[in-house]
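1. here are the coordinates; sequence isn't available:
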């Protein structure tokens, strides 16, 4: 019983400390420009992880990857419309540590594709 309790506590702590997953990113939760930057970064990282060593041609035919890209597009449209977030205006977003992370992820994404 004690081991189960310890495993439960460890799982809870790890889940609380861990970052959000792509499944956690939802339009209705993006209340600020910084939320958008964080969400887009999570989605791009997820897409990069999924893509792995697959070619661009393989990924175009991969239904799961296409869904990931559609979600990035949906979130991007919402963020441009509601929070004026765009690649060109990232430097205008103040007090958001996620901007540097997103810029690095976008660079990796551009190198891959």
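-> Noted; the coordinates are in hand. Note that the structure is a prediction, hence the values are computed from the model and not measured. Residues are numbered from 1 along each chain as shown.

2. wait, residue 86 sits on residue 92?
-> No: between residue 86 and residue 92 there is no contact under Cβ atoms under 8 Å: 9.4 Å. All C-beta atoms are positioned from the backbone trio N, CA, C, and that covers glycine.

3. show me the contacts for residue 101.
-> Contact analysis of residue 101 by Cβ atoms under 8 Å, 6 or more residues apart in numbering lists residue 41.

4. Next one: it from residue 66, what distance?
-> Distance from residue 101 to residue 66, counting by Cβ to Cβ, to the nearest Å: 25 Å.

5. Just give me the residue closest to the centre of this protein.
-> Central residue of the chain (Cα atoms, centre = their mean): residue 42, 1.5 Å from the mean position.

6. dump the residue contacts of that residue.
-> Contacts of residue 42 (Cβ under 8 Å, 6+ apart): 19, 20, 21, 22, 24, 25.

7. Just the buried residues out of those residues, in ChimeraX syntax.
-> Buried members of the contacts of residue 42, defined by 16 or more other Cβ atoms under 10 Å, are picked up in ChimeraX with:
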select :22,25
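
8. what would the contacts of residue 42 look like in JSON lines with secondary structure and distance to residue 32?
-> Listed next are these as JSON lines, based on DSSP: H, G, I helix; E, B strand; the rest coil; distance: Cβ to Cβ, whole Å:
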{"residue": "19", "secondary structure": "coil", "distance to residue 32": "18"}
{"residue": "20", "secondary structure": "coil", "distance to residue 32": "15"}
{"residue": "21", "secondary structure": "coil", "distance to residue 32": "20"}
{"residue": "22", "secondary structure": "helix", "distance to residue 32": "19"}
{"residue": "24", "secondary structure": "helix", "distance to residue 32": "16"}
{"residue": "25", "secondary structure": "coil", "distance to residue 32": "14"}
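
9. JSON lines for the contacts of residue 42, including distance to residue 35?
-> Shown next, in JSON lines, are these (distance: Cβ to Cβ, whole Å):
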{"residue": "19", "distance to residue 35": "14"}
{"residue": "20", "distance to residue 35": "11"}
{"residue": "21", "distance to residue 35": "15"}
{"residue": "22", "distance to residue 35": "15"}
{"residue": "24", "distance to residue 35": "12"}
{"residue": "25", "distance to residue 35": "9"}
